[in-house]
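1. Mind looking at a prediction? Sequence and model below.
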Amino acid sequence: MAIETLAPVQPTTEFPNADGPHPGDVIVTSNLWKTYVMGDQQVNALRGVNLRIKHGEYVAIMGPSGSGKSTLMNLIGCLDSPSKGSYWLNGHDVSKLNDDELARIRNKEIGFVFQTFNLLARATSLHNVELPLIYNGTPAAERTARARAVLESVNLGSRMMHKPNELSGGQRQRVAIARALVNSPSIILADEPTGNLDSKTSVEIMGLFDTLHAKGNTIVVVTHEPDIAEYAHRVITIRDGSVASDQPSSRITGQKLSH
Ligand SMILES: Nc1ncnc2c1ncn2[C@@H]1O[C@H](COP(=O)(O)OP(=O)(O)OP(=O)(O)O)[C@@H](O)[C@H]1O
Ligand SMILES: [Mg+2]
């Protein structure tokens, strides 16, 4: 990918809201806040995050534990709603969508990979991957065919009938990735996808993300590990709920990250 794709897009008269989406933007947040209330205590997990991610970008989000990375990913993935501010997904103001529209856009556009895999323990790989298709009413035969195809694409063709506890950590993560991909989303959000994996398996999983990116998907990966962030083309650092830095990765600049 060329560096030009990271240049800011100039607002046009067709897109009068300068804070809102511009052509090519897929994820745009403006002054996004998330405040968790627990009894009489308030935690400002996000304090005015402004982000602009273009279609086809590969972004890593880094930052210390508790800085708000998962909170941000949950908002981007429409799994939670902000306390304040705006979020546009593929040009749609998410706060203006009703529940059905939100479920539809989330199902169609987003594949979410969780750190802890979130697989059903008693279900086979095949069934785990079929689940999102069951939720959106895909007919059984098509469901199975699609789940098989995507499991094969992550090299798990021989592990379709295994349950999570009969798989290695890397294989479990690949099932979770297959599940995120089964609806052919254009955006893949992964929260610490290699957090529980050894370094060799991590390289394998990141290879998979490279392939998805090369196919034109937008990828956002949260990671603690600078080596993993280097796979991305752009690295955003979050500190205390705000964006502390936003820079091209060494894959683009040829230099190691400064943090
Ligand atoms: N459901 C919740 N209720 C109350 N506070 C929360 C909740 N979820 C997160 N927090 C708080 O919000 C802050 C940000 O949490 P978050 O999970 O986003 O951090 P993180 O950057 O993902 O950290 P880690 O790297 O450890 O996963 C933390 O201080 C956390 O304690
Ligand atoms: Mg987290």
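-> Perfect, I can see it now. Numbers count the residues shown, from 1 in each chain. Ligands and ions are numbered 1, 2, ... in the order given.
2. what about E204, neighbour count?
-> Other residues within reach of E204, judged by other C-beta atoms under 10 Å, total 18. Where you see a C-beta, it was placed from the backbone N, CA and C, and this is true even at glycine.
3. In contact with the nearest residue to it once chain neighbours are set aside, which residues?
-> Nearest residue to E204 in three dimensions, chain neighbours excluded: G170, at 6.0 Å (C-beta to C-beta, 6 or more residues apart in numbering). Each residue near G170 by C-beta atoms under 8 Å, 6 or more residues apart in numbering is listed here: L197, D198, T201, E204, I205.
4. same thing but at 7 Å, please
-> If you count contacts by C-beta atoms under 7 Å, 6 or more residues apart in numbering, G170 has them with L197, T201, E204, I205.
5. what helix or strand does the residue nearest to the second one when sequence neighbours are not counted sit in?
-> With C-beta to C-beta, 6+ apart as the criterion, T201 has its nearest non-adjacent residue at 3.5 Å, and that residue is G170. Element membership for G170 (DSSP states H and E) is helix 169-181.
6. ok, the very next helix or strand once past that helix near ligand 1 or not?
-> Following helix 169-181 in sequence order, the next helix or strand is strand 187-191 (DSSP H and E). No. On the criterion C-beta under 6 Å from any ligand atom, strand 187-191 is out of touch with ligand 1, staying 7.3 Å away.
7. nearest to ligand 1, of the contacts of G170?
-> L197 (15.7 Å; C-beta to the nearest ligand atom).
8. So that closest one: helix, strand or coil?
-> Following DSSP: H, G, I helix; E, B strand; the rest coil, L197 is assigned to coil.
9. So which bits of the protein are right by ligand 1?
-> So far as C-beta under 6 Å from any ligand atom goes, the chain lies against ligand 1 at Y36, M38, V43, A45, G63, S65, G66, S67, G68, K69, S70, T71.
10. which among those end up buried?
-> Among the residues of the chain next to ligand 1, those buried by neighbour count (16 or more other C-beta atoms under 10 Å) are A45, G63, S67, G68, K69, S70, T71.
11. Identify the spatial nearest neighbour of the second one, chain neighbours not counted.
-> Yep, that's G63 we're talking about. Per C-beta to C-beta, 6+ apart, closest to G63 is I238, 3.7 Å.
12. What of the last one?
-> Closest residue to T71 in three dimensions, ignoring its sequence neighbours and counting by C-beta to C-beta, 6+ apart: A45, at 4.2 Å.
13. one step back: can you list the buried ones among the residues of the chain next to ligand 1 in TSV and add pLDDT and secondary structure?
-> Shown next, in TSV, are those (pLDDT from 0 to 100; DSSP: H, G, I helix; E, B strand; the rest coil):
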residue	pLDDT	secondary structure
A45	98	strand
G63	96	coil
S67	96	coil
G68	97	coil
K69	96	helix
S70	95	helix
T71	96	helix
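14. any idea which element T194 lies in?
-> Going by DSSP H and E, T194 is not part of any helix or strand.
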